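1. What follows is a predicted protein model with its sequence.
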Amino acid sequence: MRPANGSWRNGPGQRSSRPLIGISPKPLENALGWIVGLIVACGILVINAETHSHLAPTILYITLLLMAANLFSINVVILVAVICMLLLTFTFLLNGGYHSWESATGFFRCLTALSAITFLAMRSKYAADSLRHNEAYLVGAQRLSQTGSIGFVAGREALSWSDESARIFEYPLSEQPTVSLIMARTHPDDRAMVQQVFDKAARHERLIELRHRLLMPDGRIKHVHMIASPLSIHHGRCEYVGALMDVTVSRQAEDALVRTQSQLAHVTRLTSLGELAASIAHEVNQPLTAISASGEACRKWLDRPEPCLGEARQSIERIIASAGRASEVIGRVRALARKCDPLRQVESLDAILCETLSLVQHDIVHHRITPKVELAALDGRVSADRVQLQQVIINLIINACQAMAAVEVQRRTLHIRTGVQGDEVVLEIADQGPGIASDVLPSLFNPFFTTKENGLGIGLSICRSIIEFHGGRIWASSPAGQGASFFIALPLVSRDPL
Ligand code: ADP
């Protein structure tokens with residue numbers, strides 16, 4: 001499981017101008033090879049001088065050849081083989097050449113054996129070289145992609161990992177990997193999750209995937225992603241092989257992107273709140289007018305020669321209810337204006353829509369638009385950030401209202417429908433405006449795409465990033481001459497009433 005040795009110790013993300021791994025033999029091994037080679041060569045010379053047999057020098061030639069195949073390049077092996085064959089032939093000739101049938105067959109037997117061993121040594125040399133290169137490529141690729149390999153048998157403490165995995169966990173390459181070492185580096189909050197994965201392995205699950213955090217001794221947090229699948233089953237125990245990737249950098253980039261998008265969403269929310277100022281003022285003004293009227297009535301009931309306390313109490317109740325409505329509207333506006341990180345909870349899309357409609361109600365009336373609302377999502381729940389979804393709905397309704405500004409009043413109908421389709425909760429906002437040209441549709445959600453004179457062109461792109469953050473889809477359609485329809489589909493979490 002442990003690939004060829006590549007022991008560069010660069011930190012994550014660091015790049016060295018040196019090669020990723022070394023594949024040439026070590027200098028000491030090289031020197032030793034030459035010394036032993038010389039000793040064998042001397043042995044050959046001595047034996048050649050002392051004996052007329054070909055067998056003893058041939059064994060030494062073969063030894064020399066195998067050593068060369070083990071230590072040197074293919075060219076050196078060929079050179080050594082040729083020299084050995086020449087020496088064998090030279091010794092044969094020196095000893096009188098062909099003087100008997102026996103000596104000739106002995107010479108040819110040794111030459112054949114030497115040739116056969118040379119052939120086999122070269123084949124194994126080629127195989128070993130290509131194996132070493134493949135291992136080197138694997139180690140290099142692991143180093144570059146910061147992906148290590150890991151192998152474990154379910155229920156066993158000891159495991160194996162590549163050097164890159166050891167680097168990711170920041171253990172010395174010589175350390176024997178174990179499950180306890182992995183657990184020791186796992187963030188305390190993620191330990192239960194990692195344990196669950198080992199439990200899954202014990203049940204021989206087909207694919208194991210895990211994203212978790214590591215807590216390094218110096219307090220640094222790393223994010224890793226592991227995928228493993230079964231390799232074989234021995235004696236009822238499943239052996240898994242997997243890849244382990246350090247995704248800290250991409251995770252940090254993702255987090256930064258989410259933060260930036262959330263800030264941008266906040267800014268655009270403030271922009272749409274500005275556009276809704278008249279609506280909001282009207283929404284707050286209504287209960288204030290009611291408070292003032294109920295206050296007047298209360299005073300009248302109390303000013304009577306015989307104060308009517310029952311009626312006065314009722315007026316006070318109305319004042320309290322109206323004050324509650326006003327503070328509810330202000331609360332919603334404050335929630336929209338507040339800058340906070342997205343918080344997803346199980347919500348009813350219908351309830352979010354109703355709340356949002358009360359904020360844009362005055363705008364709809366002001367544009368002399370007839371809203372037609374059909375709520376059929378009923379108990380369909382979604383996992384959503386309430387404020388962000390309100391922002392999307394407000395943006396789509398404001399766009400629809402603006403699109404119908406040039407249409408005659410009788411045709412200004414805004415259809416708002418919700419429903420559950422398969423495993424999604426779908427919201428449709430359809431207007432009777434001029435519609436969207438088919439060549440414009442693909443770029444509608446691109447940042448800064450606008451056809452309005454004072455438009456920013458970021459509303460729809462923010463809507464898309466919010467809906468994608470919620471794991472949903474947003475799209476638009478515009479059948480010729482029938483206005484535009486915008487759809488949002490969010491994954492259905494449950495159908496239970498809240
Ligand atoms: P902005 O409203 O600032 O232009 P948006 O991202 O909200 O930015 O909208 C981008 C563009 O999409 C608009 O300029 C308009 O051309 C088109 N669009 C959005 N909604 C509608 C709609 N209901 N009908 C027709 N066109 C629309």
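-> Happy to help now that I have it. Numbering: from 1, shown residues only.

2. For the rest of this, base every contact and every neighbour count on C-alpha atoms.
-> Fine.

3. tell me the contacts of the residue in the stretch 251-400 of the chain positioned nearest to the ligand?
-> Nearest residue of the stretch 251-400 of the chain to the ligand: Ala400, at 4.0 Å (C-alpha to the nearest ligand atom). Shown in contact with Ala400 (C-alpha atoms under 8 Å, 6 or more residues apart in numbering): Leu414, Ile429, Ala430, Asp431, Gly433.

4. rerun at 6 Å
-> By C-alpha atoms under 6 Å, 6 or more residues apart in numbering, Ala400 lies in contact with Asp431.

5. Check it and give its pLDDT.
-> Ala400 carries a pLDDT value of 94.

6. C-terminal to the helix or strand where it lies, what's the next element?
-> According to DSSP states H and E, Ala400 maps onto helix 386-403. Next along the chain after helix 386-403, taking DSSP H and E as the criterion, comes strand 413-421.

7. quick one: that following strand to helix 386-403, angle?
-> 140 degrees (axes from the mean of the first three to the mean of the last three C-alpha atoms, to 10 degrees).

8. okay, now Leu444: neighbour count?
-> 19 (other C-alpha atoms under 10 Å).

9. so how far is the ligand from the nearest residue to it once chain neighbours are set aside?
-> Distance criterion C-alpha to C-alpha, 6 or more residues apart in numbering; nearest residue to Leu444, sequence neighbours excluded, is Leu460 at 7.2 Å. Separation of Leu460 from the ligand (C-alpha to the nearest ligand atom, to the nearest Å): 4 Å.

10. if I look at Phe487, how far off is Pro434?
-> As judged by C-alpha to C-alpha, to the nearest Å, Phe487 and Pro434 stand 17 Å apart.

11. Repeat that for Val409.
-> From Val409 over to Pro434 (counting by C-alpha to C-alpha), the distance is 14 Å.

12. same question, Ala400
-> In terms of C-alpha to C-alpha, Ala400 sits 10 Å off from Pro434.

13. swap in Leu120?
-> 81 Å.

14. Settle it for me: which of these two has more neighbours?
-> Pro434 (17 against 13).

15. So for the more buried one, what's the pLDDT?
-> For Pro434, pLDDT reads 93.

16. What of Ser53?
-> In this prediction, Ser53 has a pLDDT value of 65.

17. now do the one 10 residues further on
-> The model reports Thr63 with a pLDDT of 85.

18. Based on its surroundings, how many neighbours for it?
-> Neighbours of Thr63 (other C-alpha under 10 Å): 16.

19. In which helix or strand does it reside?
-> For Thr63, the host element (DSSP H and E) is helix 55-71.

20. what's the spacing between Thr248 and Ile168?
-> 10 Å.

21. Which one of the two is surrounded by more residues?
-> A count of neighbours by other C-alpha under 10 Å puts Ile168 above the other of Thr248 and Ile168, at 21 against 17.

22. Number of residues surrounding the closest residue to that one other than its chain neighbours?
-> Nearest residue to Ile168, sequence neighbours excluded (C-alpha to C-alpha, 6+ apart): Asp246, at 6.5 Å. Look at Asp246: counted by other C-alpha under 10 Å, it has 24 neighbours.

23. who's Asp246 bridged to?
-> With DSSP bridges as the criterion, Asp246 is bridged to Val224.

24. correct me, but it touches Lys222?
-> No - contact between Asp246 and Lys222 fails when scored by C-alpha atoms under 6 Å: they sit 7.3 Å apart.

25. Which positions in the chain make contact with the ligand?
-> 399-400, 403, 433, 435-436, 444, 449-452, 455-461, 484 (C-alpha under 6 Å from any ligand atom).

26. can you do 5 Å?
-> 399-400, 403, 435, 450-452, 455-460 (C-alpha under 5 Å from any ligand atom).

27. Could you turn the buried ones of these into a PyMOL selection?
-> What follows is the PyMOL syntax for the buried subset of the residues of the chain next to the ligand, where burial is set by 16 or more other C-alpha atoms under 10 Å:
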select buried, resi 400+403+435+450+457+458+459+460
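
28. In helices, which of the residues of the chain next to the ligand appear?
-> Judged by DSSP state H, the residues of the chain next to the ligand include Asn399, Ala400, Ala403, Gly459, Leu460 as members of helices.

29. what residues are up against Gln345?
-> Ser383, Ala384.

30. What backbone torsions are found at it?
-> As for Gln345, its main-chain torsions (degrees, to the nearest 10) stand at phi -130, psi 160.

31. again, but for Arg167
-> phi -70, psi -40.

32. Over to the one 3 residues further on?
-> The main-chain torsion angles of Glu170 are listed as degrees, to the nearest 10 and equal phi 60, psi 50.

33. For the ligand, see how far away Gln421 is.
-> Gln421 is 23 Å from the ligand, by C-alpha to the nearest ligand atom.

34. ok, now which ones touch that residue?
-> By C-alpha under 6 Å, 6+ apart, Gln421 lies in contact with nothing.

35. ok, back up a step: which strands and helices sit next to the helix holding Thr63?
-> Contact partners of helix 55-71 among helices and strands, from 3 or more C-alpha pairs under 6 Å, 6 or more residues apart in numbering; DSSP states H and E: helix 74-94.
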